[in-house]
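Engineer: What shape does this take:
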Amino acid sequence: MDTEVFGATTPVVGMVHLPPLPGAPRYDPAAGRERLHEAARRDAARLAEGGVDAILVENFGDAPFYPESVPDHVVADLTALTRTVRETVDVPVGVNVLRNDGPSAVAVAAAAGAGFVRVNIHVGARVADQGILEGRAHETMRLRGRVDADVRVLADIDVKHSAPLATENDAEPAAEAAERGLADGIIVSGTRTGRATPTTAVEAAVERRDELGLTTPVLVGSGVTADTVADLLRVADGVIVGTALKEGAETTNPVSVGRVEELIAAADRVR
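Structural biologist: The predicted model follows:
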């Protein structure tokens with residue numbers, strides 16, 4: 001993988017799960033926007049102190065999520081918060097705009113100086129709690145060129161909290177995302193946030209990638225822990241970790257430096 005963009009050849013990417021943003025049902029207007037920036041700075045600083053290679057910022061608290069394009073005010077706040085994270089740490093930063101707004105993620109990343117984005121459904125279509133979500137690779141990749149954004153696109157396949165519309169070969173989504181969606185990286189995840197990603201699914205994506213003669217990196221996108229990271233990195237090219245790095249392993253809790261250090265030490269044993 002590009003070490004300049006992802007911080008390492010086999011990166012551990014830590015999550016900054018943002019609290020609810022203005023306009024979301026659970027947003028606390030009494031606390032205001034400064035509380036959001038304080039939380040982002042705190043978690044980003046702890047992730048960097050613990051040794052992650054890169055950080056991914058996500059509007060995790062905004063449930064229920066817009067299925068496609070988010071409103072302008074969400075883009076504005078995400079841009080400001082991503083910039084806050086960029087100014088807090090010296091590691092590469094990325095952004096994910098839930099539930100599936102790849103174009104806005106690219107725009108936020110370009111404006112905030114982030115180097116990569118995560119897109120949950122880049123190609124194909126899936127059923128989720130937001131309804132039927134369709135890939136918008138044609139928009140995301142063209143926008144990246146139009147705004148001259150030096151941003152890598154990481155595309156989920158069989159993304160968590162969703163189900164396929166039709167039965168398909170488990171390895172084919174990886175091929176479609178890389179070959180036809182032009183994704184710069186593939187993400188394989190479990191069924192829910194914090195749920196373990198089956199090693200067999202990672203192996204299938206890597207095998208299909210290799211069969212096609214591609215060099216697209218494959219990352220694990222959920223359920224990575226200090227106990228599993230070494231085995232996963234023997235197969236995958238990187239991991240994205242959120243829940244396991246939080247106090248008490250609760251997704252909505254602050255990041256624990258100790259838990260980050262423990263996972264990084266386990267990862268370093270095979271890197």
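Engineer: buried sites along the helix or strand of the chain with the lowest mean pLDDT?
Structural biologist: Ranking every helix and strand in the chain by mean pLDDT, DSSP states H and E puts helix 172-175 at the bottom, with a mean of 72. Across helix 172-175, burial judged by 16 or more other CB atoms under 10 Å covers 173-175. No exception for glycine: its C-beta is placed from N, CA and C like everyone else's.
Engineer: same question, stretch 190-205
Structural biologist: Buried, per 16+ other CB under 10 Å, within stretch 190-205: 190-191, 193-194, 196-199, 201-202, 204-205.
Engineer: could those go into TSV alongside secondary structure and distance to L212?
Structural biologist: Shown next, in TSV, are the buried residues of stretch 190-205 (DSSP: H, G, I helix; E, B strand; the rest coil; distance: CB to CB, whole Å):
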residue	secondary structure	distance to L212
G190	coil	24
T191	coil	26
T193	coil	30
G194	coil	31
A196	coil	27
T197	coil	21
P198	coil	21
T199	helix	21
A201	helix	17
V202	helix	16
A204	helix	13
A205	helix	11
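Engineer: and which of these is nearest A163?
Structural biologist: Distance to A163 across those (CB to CB) is lowest for T191, with 8.9 Å.
Engineer: about what we covered before: could I get the buried residues of helix 172-175 in TSV, plus columns for distance to A44?
Structural biologist: What follows is the buried residues of helix 172-175, written out as TSV (distance: CB to CB, whole Å):
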residue	distance to A44
P173	31
A174	30
A175	34
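Engineer: any idea which of these is the one closest to A8?
Structural biologist: Of all the buried residues of helix 172-175, the one sitting nearest A8 is A174; the distance, using CB to CB, is 21.8 Å.
Engineer: Skipping adjacent residues, who's closest to the closest one in space?
Structural biologist: A205 (4.1 Å; CB to CB, 6 or more residues apart in numbering).
Engineer: Report the separation between the one you found and R126.
Structural biologist: A205 is 16 Å from R126, where distance means CB to CB, to the nearest Å.
Engineer: Just say helix, strand or coil for the spatially most central residue of the chain.
Structural biologist: Nearest to the geometric centre of the chain sits R118, at 4.5 Å (CA atoms, centre = their mean). Following DSSP: H, G, I helix; E, B strand; the rest coil, R118 is assigned to strand.
Engineer: can you give me the helices for the stretch 101-250 of the chain?
Structural biologist: Counting by DSSP state H, counting those that start in this stretch, the stretch 101-250 of the chain has helices at residues 102-112, 137-146, 172-175, 199-211, 229-233.
Engineer: ok, and what's touching the third one?
Structural biologist: Read it as helix 172-175. For helix 172-175, the external contacting residues (CB atoms under 8 Å, 6 or more residues apart in numbering) are 123-124, 157-158, 186, 188, 204-205, 208-209, 212, 216, 218.
Engineer: which residues of the protein fall in strands?
Structural biologist: Taking DSSP state E to define them, one finds strands in the chain at 12-17, 54-58, 93-96, 116-119, 125-128, 131-134, 152-157, 162-164, 185-188, 218-220, 238-241.
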